[in-house]
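Participant: model the structure of this input:
(2 chains)
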2 protein chains.
Amino acid sequence: MKQFRWYGWGSADRTYSFEERPRAWQFICSALNLNGDEKYPPCDFDHIELCASRVDLKALHALAHTETSKYIRVFHGYGKSYRDLIRLRRGEIFNPPDAVIYPDDEDQVQQIIRYCAANDYALIPFGGGSSVVGGVEPRDRRIVISLDLKRMSRVLEMDALAQVASIEPGIWGPELENYLNARGWTLGHFPQSFEFSTLGGWIATRSAGFASTKYGTIETMTLGLRMATPAGMIETQSAQENSVGPSLLQLLIGSEGALGVITRATMRIRALSKIANYRAMLFGTFADGVAAVRDIVQSDLAPATIQLLDEEDTRCFFAFRKQARGLQGLVETTESRMLSTLGKSIEQGALLILGFEGDAYTVKVTENHVLAICQDHGAFDLGARIAHAWFRDRFESPYLRDALMDHGVMMDTFETATTWGNLELGYQKLTHALSQAAQEVGARILVLTHLSQCRREGATLGVTFLAPITPHQEINHWEHIQRAAIECSIDHGGAIAPHSGVGYEYAFWLQQKLGALGYDTLLSLKKRLDPKNIMNPGKLFLPA
Amino acid sequence: MKQFRWYGWGSADRTYSFEERPRAWQFICSALNLNGDEKYPPCDFDHIELCASRVDLKALHALAHTETSKYIRVFHGYGKSYRDLIRLRRGEIFNPPDAVIYPDDEDQVQQIIRYCAANDYALIPFGGGSSVVGGVEPRDRRIVISLDLKRMSRVLEMDALAQVASIEPGIWGPELENYLNARGWTLGHFPQSFEFSTLGGWIATRSAGFASTKYGTIETMTLGLRMATPAGMIETQSAQENSVGPSLLQLLIGSEGALGVITRATMRIRALSKIANYRAMLFGTFADGVAAVRDIVQSDLAPATIQLLDEEDTRCFFAFRKQARGLQGLVETTESRMLSTLGKSIEQGALLILGFEGDAYTVKVTENHVLAICQDHGAFDLGARIAHAWFRDRFESPYLRDALMDHGVMMDTFETATTWGNLELGYQKLTHALSQAAQEVGARILVLTHLSQCRREGATLGVTFLAPITPHQEINHWEHIQRAAIECSIDHGGAIAPHSGVGYEYAFWLQQKLGALGYDTLLSLKKRLDPKNIMNPGKLFLPA
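Facilitator: This is a model prediction of the structure:
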């Protein structure tokens, strides 16, 4: 376990290197008016004191392997939201789980649930712990057990003809892809958290990945589930069974551990692509790019990956490129000169990353089609190299967040989804709301926006904001900015947190969105399956 | 109203003509060993006696326009299942609705629900009345009101940029398509019942259409719903709002009027296709065709429409072609001769109908790709003409059923969905089970199978069976054959009734499929929204 960074993201031995990107730090300092010598280090782990565990360890051990070490309890005490990382750095872990239990199979999960129900313990399913909405944090005064599913990570069945696999929930992203890739398959699900999140977590939070235009979001990949609940096992039959009646399956997807524990998922898998072509396009403005992306996704030939960066995010992307040396450096210098000869500059305009995946024919015809649409909107084709750099670094940004926090810089991302007609104004208002909120707390702010999860009817605006951390006001300031984003988004008819789940951070907003009766309807289902409210209490639903 | 055939399908002035298809009747007689002079006419409408209506007509009129005429009550008393048509022909309408009410808007719907709840009347939402699973039939001893939504048929909003329209539920298929087509759009939903079914009915029954490979099934087209329930209004917010939490939307889709009345639906619409190319292919065997179709839908370039007929259905298709005269007749004769020179015959092999829709480029590249797959599986390209004949007659088969019943022939279709690996054996077993069941009741049977709703993981087998009607045993015999099909399908891991809903015909099987806890979970949803069980009682859920 100690290979994980207890106060931040991912592997303890992987860090985001500013040394390889000399312009990056300069870009941030200039944007936020920093000296560059600010520091915000984590506290000393050894100085953290946890409240004592209240469990009967022997009784838990009889159910499944259990751990209560400080490191393990800290690691399972929070997710990876900005709020979590601040509290970890400050050593404020006031309500960690009393124990972490690791079931080996569905039977053990059921026994653990029964034990917790009998003793009125709260039980929190834990996959990768990458929640940014407080999804795995104990919020209960009762004894709390964290149920880590990492030992349930087998691929149980594969039906190559139907392209379907039955998989346990605790399998990590790379573990699953490695297993499938070795056999010629892929799930095709690559959320930002991919390297440190699990299949069960993806399903429980209705997750979406980079390549969703081709492979779909997790709820369209999931054909069946088994879930252990306090009321018993539920199984939705797989594949073709979903065509009649209200969808029990779609009730369980997105249930965030608040109804039960996913013990098995039947997933669509796809043939591993023979070709994966990445391509970068430069548009005159973000608005031009948005129009092109809309035309692309509303046609019938769409790429697998579509990420459009606004002008600020584009400037930031190029400032954050790793410094090229030797011949590669010369190529880049030449490239910039040629662009400027053509009246283009990577300092202006909006960058679009396109990823085409499939067999040679499909990729070729799709590429032709999509590039023609881009050209119609005045795009300049930057080719493959820049897109490959994006692809290589696509899972890096959580590491960047840690590195920035080390330097006293807050970084967080807010996501809102809306329809195409609503998007341009929503984008402007959101940028304005964030700037104003930052001003209100006396902070400079850098707002970087990108478009992802593009669908026929609209897309998701991902707004990354950076601001200096003010010690002792870390969370207040962040909350102030975050709240401004949420309120602006709702006022403007956007959907908040579209791909990261609800947790406790957004439970109030979920209630608003569903309306009184809608919320109460879901609550009646919660009460049926979890009458004692032991399953991840205070998440998804408001505290009882 | 009287333009509708009270004892059968669709328009009273449209009939299926055997005169234009001289080989068709001969084909049936030979297969079922009929003399050809059997008759099974409907009873005289004037001789039907209905029980008296028990409502306070004045009170209902105060809520909305209400009718209690015999014709209207008969029309709303049954759907269009074989069981229904037999009972209508025999004049057995023992429990028609006491009244039919026609709300103009959502407010009236809410008032009607309140009135029914206060008086403990059962309320049955009624769209086109095309249910083949008993979805609109009164099954309650209480006073029963049929809520006909035909006056709520407006398109309320259109967002051309997002390609989304907000539509009332009572709009009929052709009415909706005409409205959209005139503005350059289509919904793209063409179920068998298209001409006589409504948007609300499609959503309430999780319907799927011919062109679902391109346009999706109804649950993927529906982005938001408003539903009036006895507990109040529920609204699922549209478009991008469906990415967090359990899906309330997917609980309402497929709820078959048992939770409430759909009063508005937000639907994905699509640009009307510039090109629609239909193409027929002839495979050596059904198994060859199945393999080709699997390869097609598991690739990334699929046609809009895929219908594969087995050998018997192929022979029947050609026997049922309208007789061509003059030059066209000569062309067809020449065509047959040329085929036989090539060692092919339309009397052998399996016919595949493909429909390509979209812009010129997309259609061209998709066609190239799909035809190459067909060729790899040994298909012979029959060109466009035969496919157009299929397309022209695609909504005819319910009329054929009436014409056959006039001649004393039972016709019904059973649908089962399964995975690709399960399909071949399931097909054989199902054909065998139907033949054996027919033998058990002393009847000859003709079993025609086609493949539709092809998905990555599997497809739907549509089994049409024809057998002589034995007077006084009409329903017993049909039930015996139907039950054999259901049991065979379940034993073999198939999903029953995949696109026609549950009604009361399949309520027991839905319970089996969901399992005790799953069923009870949905029942808790029903109890929350409809505590007095006034909404379409006895449908979807078993009688209380």
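Participant: what's the following helix or strand after the lowest-mean-pLDDT helix or strand in chain A?
Facilitator: Sorting the helices and strands of chain A by mean pLDDT, DSSP states H and E puts helix A:326-341 at the bottom, at a mean of 78. Of the helices and strands lying after helix A:326-341 in sequence (DSSP states H and E), the nearest is strand A:350-358.
Participant: and that following strand, which strands flank it?
Facilitator: strand A:275-283 (antiparallel), strand A:305-309 (antiparallel) (DSSP bridges).
Participant: work out the gap between the helix or strand A:T220 falls within and the centre of the chain.
Facilitator: Secondary-structure assignment from DSSP H and E places A:T220 in helix A:218-221. Taking Cα atoms, centre = their mean, to the nearest Å, one finds the center of helix A:218-221 at 15 Å from the center of the full chain.
Participant: Provide the secondary structure category for the residue in the stretch 301-450 of chain A that chain B sits nearest to.
Facilitator: In the stretch 301-450 of chain A, the residue that lies nearest chain B is A:A417 (3.3 Å; Cβ to the nearest Cβ). C-beta here means a position set from N, CA and C on the backbone, and glycine is covered the same way. Following DSSP: H, G, I helix; E, B strand; the rest coil, A:A417 is assigned to strand.
Participant: low-scoring stretches of chain A, by residue?
Facilitator: Along chain A, the parts satisfying pLDDT under 70 run over A:1-2, A:238-242.
Participant: where along the stretch 51-200 of chain A do the strands fall?
Facilitator: Here the stretch 51-200 of chain A has its strands, by DSSP state E, counting those that start in this stretch, at A:65-67, A:99-102, A:122-126, A:144-148, A:155-159, A:164-167, A:185-186.
Participant: by contact count, what packs against the fourth one?
Facilitator: What it means is strand A:144-148. The contact analysis (3 or more Cβ pairs under 8 Å, 6 or more residues apart in numbering or on different chains; DSSP states H and E) places strand A:144-148 against strand A:99-102, helix A:106-119, strand A:122-126.
Participant: ditto for the first one
Facilitator: Applying 3+ Cβ pairs under 8 Å, 6+ apart, one finds that strand A:65-67 contacts strand A:99-102.
Participant: cool, and the third one?
Facilitator: When contacts are defined as 3+ Cβ pairs under 8 Å, 6+ apart, strand A:122-126 sits against helix A:106-119, strand A:144-148, strand A:261-268.
Participant: output the least confident helix or strand of chain A as CSV - backbone C-alpha positions only.
Facilitator: Extracted in CSV, the C-alpha atoms of helix A:326-341 (Å, rounded to 0.1, in the frame of the first residue of the first chain):
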residue,chain,number,x,y,z
GLY,A,326,18.3,18.4,-30.2
LEU,A,327,16.6,17.6,-33.5
GLN,A,328,13.2,17.6,-31.9
GLY,A,329,13.8,21.1,-30.5
LEU,A,330,14.8,22.3,-33.9
VAL,A,331,11.6,20.8,-35.4
GLU,A,332,9.5,22.6,-32.9
THR,A,333,11.2,25.9,-33.5
THR,A,334,10.8,25.5,-37.3
GLU,A,335,7.2,24.5,-36.8
SER,A,336,6.4,27.7,-34.8
ARG,A,337,8.1,29.8,-37.5
MET,A,338,6.1,28.1,-40.2
LEU,A,339,2.9,28.6,-38.3
SER,A,340,3.6,32.3,-37.8
THR,A,341,4.4,32.6,-41.6
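Participant: what comes into contact with it?
Facilitator: By Cβ atoms under 8 Å, 6 or more residues apart in numbering or on different chains, the surrounding residues in contact with helix A:326-341 are A:282, A:323-324, A:345-346, A:380.
Participant: same thing but 6 Å
Facilitator: Applying Cβ atoms under 6 Å, 6 or more residues apart in numbering or on different chains, the contact partners of helix A:326-341 are A:A324.
Participant: need the contact list for A:R141.
Facilitator: Counted by Cβ under 6 Å, 6+ apart, A:R141 has zero contacts.
Participant: returning to that earlier point: mind listing what's buried along the least confident helix or strand of chain A?
Facilitator: Residues A:332, A:339 are the ones in helix A:326-341 that count as buried (16 or more other Cβ atoms under 10 Å in any protein chain shown).
Participant: strand A:275-283 and that helix, what's the angle between them?
Facilitator: For helix A:326-341 against strand A:275-283, the angle by axes from the mean of the first three to the mean of the last three Cα atoms, to 10 degrees is 40 degrees.
Participant: burial measure for the closest residue to chain B within the stretch 1-150 of chain A, as a count.
Facilitator: Per Cβ to the nearest Cβ, A:V133 is where the stretch 1-150 of chain A lies closest to chain B, at 9.1 Å. A:V133 has 24 neighbouring residues, counting by other Cβ atoms under 10 Å in any protein chain shown.
Participant: and the helix ranked longest in chain A, what does it pack onto?
Facilitator: If you go by DSSP state H, chain A has its longest helix at helix A:507-529. Judged by 3 or more Cβ pairs under 6 Å, 6 or more residues apart in numbering or on different chains; DSSP states H and E, helix A:507-529 is in contact with strand B:232-235, helix B:507-529.
Participant: give me that answer again for 10 Å
Facilitator: strand A:222-229, helix A:248-252, helix A:474-491, strand A:495-496, strand B:222-229, strand B:232-235, helix B:248-252, helix B:507-529 (3 or more Cβ pairs under 10 Å, 6 or more residues apart in numbering or on different chains; DSSP states H and E).
Participant: need the ones you listed in TSV (columns: mean neighbour count and distance to A:H65).
Facilitator: Converted to TSV, these look like this (neighbours: other Cβ atoms under 10 Å in any protein chain shown; distance: least, Cβ to Cβ, whole Å):
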stretch	mean neighbour count	distance to A:H65
strand A:222-229	25	18
helix A:248-252	27	26
helix A:474-491	18	35
strand A:495-496	24	38
strand B:222-229	24	45
strand B:232-235	20	44
helix B:248-252	26	37
helix B:507-529	19	28
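Participant: reformat these as a markdown table; add distance to A:G289.
Facilitator: A markdown table is the format used below for the helices and strands packed on helix A:507-529 (distance: least, Cβ to Cβ, whole Å):
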| stretch | distance to A:G289 |
| --- | --- |
| strand A:222-229 | 31 |
| helix A:248-252 | 32 |
| helix A:474-491 | 21 |
| strand A:495-496 | 21 |
| strand B:222-229 | 24 |
| strand B:232-235 | 33 |
| helix B:248-252 | 30 |
| helix B:507-529 | 43 |
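Participant: quick one: closest of those to B:P191.
Facilitator: Among the helices and strands packed on helix A:507-529, the nearest to B:P191 by Cβ to Cβ is strand B:222-229 (14.2 Å).
Participant: ok now that closest one, how far from the chain's centre?
Facilitator: Averaging C-alpha positions (Cα atoms, centre = their mean) puts strand B:222-229 21 Å from its chain's average.
Participant: thinking again about what came up before, excluding its backbone neighbours, what's nearest the residue of the stretch 1-150 of chain A closest to chain B?
Facilitator: Closest residue to A:V133 apart from its sequence neighbours, by Cβ to Cβ, 6 or more residues apart in numbering or on different chains: A:G503 at 3.0 Å.
Participant: got the contact list for the one you found?
Facilitator: By Cβ atoms under 10 Å, 6 or more residues apart in numbering or on different chains, A:G503 lies in contact with A:79, A:81, A:131-137, A:139, A:205, A:256-258, A:497, A:510, A:536, A:538-540, B:244.
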